[in-house]
Structure formats: structure tokens, C-alpha cells
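J.: Kindly generate the corresponding structure for this input.
(one chain, ligands or ions: 2)
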Amino acid sequence: MALVGRKMEKLETVKAEIESTCSVKISLHSCDIREEDRVKETIADILVAHGKIDHLINNAGGQFPSPLNMISGKGFETVVRNNLTGGFLVAREVFNQHMMLQLGKKDMSITNIIADMWNGMPGMGHSGAARAGMLNFSETAANEWAPVRVNAVAPGFIASSGMDTYPEPMKQTIMQLDKTIPLQRLGLEAEVSGALVFLCSPAASFISGSCIRIDGAAPNARRIWPVGTGKANPAFNSFHLGGVPEVIQRRDAERASKKGN
Ligand SMILES: CCCCCCCCC/C=C/C(=O)SCCNC(=O)CCNC(=O)[C@H](O)C(C)(C)COP(=O)(O)OP(=O)(O)OC[C@H]1O[C@@H](n2cnc3c(N)ncnc32)[C@H](O)[C@@H]1OP(=O)(O)O
Ligand SMILES: NC(=O)C1=CN([C@@H]2O[C@H](COP(=O)(O)OP(=O)(O)OC[C@H]3O[C@@H](n4cnc5c(N)ncnc54)[C@H](OP(=O)(O)O)[C@@H]3O)[C@@H](O)[C@H]2O)C=CC1
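T.: Ligands and ions are numbered 1, 2, ... in the order given. Below is the predicted model:
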């Protein structure tokens, strides 16, 4: 397994967590996916360390919240590079440096993480535009790079550490998000990883050019119908080392204290 991100200390933490659970060879690579030369070097390094890349999860991404009219050209480009161009560069290098030379010999896949951007992504329009582009890139690659399977996974609101990176006004919104989702709760990281493991497995060997939504039916909510029944289904909470983001701990504490009053 090769873990890639910008900050080595984050990667060290994840490596230690995985190693505390199972025995697997792990290499760590510090790389900003927006830097084309660095991406080329990183994929080459991974191939030296492991000799192959059977499955790529293009997960790196993120954005800052802003209404469209306040986004500068540089800010828009930064987010597009983070969520579209960077993922393309990584996928292209994995394909050119390895997968292209192995076509037909084994099952290989690329999965691009996008987001719930259906019908627009208000407050994060630069990211929505990039993610929609990533979906279209995945569809083209599923054709041009077959038999490598290329799919997208579109998470909705997932209680991840990423939620703690937002400023206070956004945190107020995040604390109310569960009420906007038919399943009446946020998703867990483990519920995204379930789909990723499936897509990397032989059970998904005829799935390519698809997108799996993991969003509790959020985009299916309609103005003419109440959202959900007030009841949530049980979550698939399989990450025994997974944490609850601070903003969600705060939400739960505030709700418990309101109930107590
Ligand atoms: C609402 C919906 C509710 C709905 C609520 C929904 C919440 C959950 C949905 C989604 C969840 C997730 O994705 S969770 C994942 C969240 N995790 C992350 O976002 C982490 C990754 N993000 C990042 O690294 C950064 O945000 C990102 C901007 C993309 C890249 O950062 P960099 O350090 O490389 O870039 P910088 O050098 O800081 O900035 C480059 C330029 O970008 C612009 N810029 C950067 N940060 C900015 C900021 N806070 N405000 C304005 N502009 C900014 C400026 O123009 C900067 O230029 P200068 O002005 O010259 O400096
Ligand atoms: N949580 C949610 O509700 C949703 C999340 N998503 C997307 O799912 C993915 C995972 O998100 P989540 O775990 O929540 O967020 P986190 O912010 O916790 O994780 C994002 C990861 O991407 C890495 N990363 C970000 N930018 C770069 C870059 N330029 N180069 C290399 N690595 C980078 C970060 O590592 P480092 O900082 O070390 O570089 C970090 O490990 C992201 O693409 C996110 O936007 C989509 C929809 C909803």
C-alpha cells in the first residue's frame, strides 16, 4: 500500500494505525498532486517500492467555502487544480507508467472521489465545477483506458476530520446538515471505504464508467416532501480507530444539553 499526501506526519499516523491492525507493506510519499513533475516522480517511486499499482484511489481534495461572486481567479484555479487537474495527473501517470503495460493481464482500477455536486454546489461552486469535471474525466478514461476500470465515488456529507478545517459560520451549517438528509444522519468514513473496497475487488470486475453515490439520499430530498422521518438507520461503523470530528462532538453535546433543559 502506498499512501500519498502533502504532510508526512499525517501519513505516519495513518501508517501506524494500519500497522496496528494488519500486516501490510506500506510506503509513504509526500506529494502535492497539483505539481506535475512531483506527481511523475512519486508514481515512479511507488513503482520502485512495490513493483506494481493494481488499484488507485484518487482521494486527495478539498476546497474553501465561498459564494461564487467572491472567488478570485487564483482561488478558483487553486480549487480546480486540487480537485480535477491533480487527480487527472495522478491517474495519467499511474496509467502511463504501469497500467498501460499490464492491460489484460490482471484486474486494475482507478476510483476518483468526487462529491455531492448534483444540481450545483452552493457555497462551494469552484469545487462543484471541478468534481463535475472529474466525473466526466472518469467516464472518458473508462473508455480510453479499458480494460482498466475507472469509476467515481460521490460522498455526500461525511463526518470526517476535513469538517474541522472549516471556519465557524460553516461549522454552524455542518451542525444542522443531518436534518437535510433523508437518512437523517451524516455518513461515516467507513461507509465510503466500503464502496472503495468493493470497487477494488473482483466482485466489481464488470463495473466501469459508473459513479456510486454515498449520501443518504441527500440529492433526492424534494421541496414538496418533508425530509426523512426523524429516524436514522444504523451506521456501518467499522473503523475501530476512527474519530468523531470536533464539530460533530460539539453538535451532540449542544443537543444533549438542550434535551436536559
Ligand atoms: C457552504 C456549503 C455548506 C455545506 C457544508 C459541507 C461541508 C462538507 C462538504 C465537503 C467536505 C470536504 O471536502 S471535507 C475536506 C476538507 N479538506 C480540505 O479542504 C483540505 C484541503 N484544502 C486545502 O488544501 C485548501 O483549502 C486549498 C485552498 C484547496 C488549497 O490550499 P493551498 O494552501 O494550496 O492554497 P493557498 O495558497 O492557501 O491559496 C491559494 C489561493 O486560493 C484562495 N484561497 C485559499 N483559501 C481561501 C479562503 N479560505 N478564502 C478565500 N480564498 C482562499 C486564494 O485566492 C489563495 O491565494 P492568495 O489569496 O494569494 O493566498
Ligand atoms: N467529508 C465530506 O463530507 C466530503 C469529502 N469529500 C472529498 O473526499 C475526499 C476526502 O475528504 P476528507 O477525508 O473528508 O478530507 P480531509 O481534509 O480529512 O482529507 C483530505 C486529504 O487530501 C489530502 N490532500 C488535499 N489536497 C492535497 C494535495 N493538493 N496534494 C496531496 N494531497 C492532498 C490531505 O492530506 P495533506 O493535507 O497531508 O495533503 C488529506 O489527507 C476529499 O477529496 C474531499 O474533498 C467529498 C464530499 C464530502
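J.: hey, let's count contacts and neighbours off CA atoms from now on
T.: Fine.
J.: Could you pick out the residues of the stretch 101-250 of the chain near ligand 2 for me?
T.: Within the stretch 101-250 of the chain, the positions near ligand 2 by C-alpha under 6 Å from any ligand atom are 113-115, 155-162.
J.: now those residues: which count as buried?
T.: Buried by 16 or more other C-alpha atoms under 10 Å: 113-115, 155-160, out of these.
J.: What segments of the stretch 101-250 of the chain are strands?
T.: If DSSP state E, counting those that start in this stretch is used as the criterion, the strands of the stretch 101-250 of the chain fall at 109-113, 149-155, 211-214.
J.: Mean pLDDT added to these, as JSON lines?
T.: Output for the strands of the stretch 101-250 of the chain, formatted as JSON lines (pLDDT from 0 to 100):
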{"stretch": "strand 109-113", "mean pLDDT": "98"}
{"stretch": "strand 149-155", "mean pLDDT": "99"}
{"stretch": "strand 211-214", "mean pLDDT": "98"}
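J.: Could you count how many residues lie near the closest residue to P219 other than its chain neighbours?
T.: Counting by C-alpha to C-alpha, 6 or more residues apart in numbering, P219 lies nearest to W118, which is 6.9 Å off, once chain neighbours are set aside. Other residues lying near W118 total 13 when counted by other C-alpha atoms under 10 Å.
J.: Over to V148?
T.: V148 has 25 neighbours, counted by other C-alpha under 10 Å.
J.: wait, what's in contact with it?
T.: By C-alpha atoms under 8 Å, 6 or more residues apart in numbering, the contact set of V148 is 99, 103, 107-110, 142.
J.: now, among those residues, which is nearest to K10?
T.: Closest approach between the contacts of V148 and K10, by C-alpha to C-alpha: I110, at 23.1 Å.
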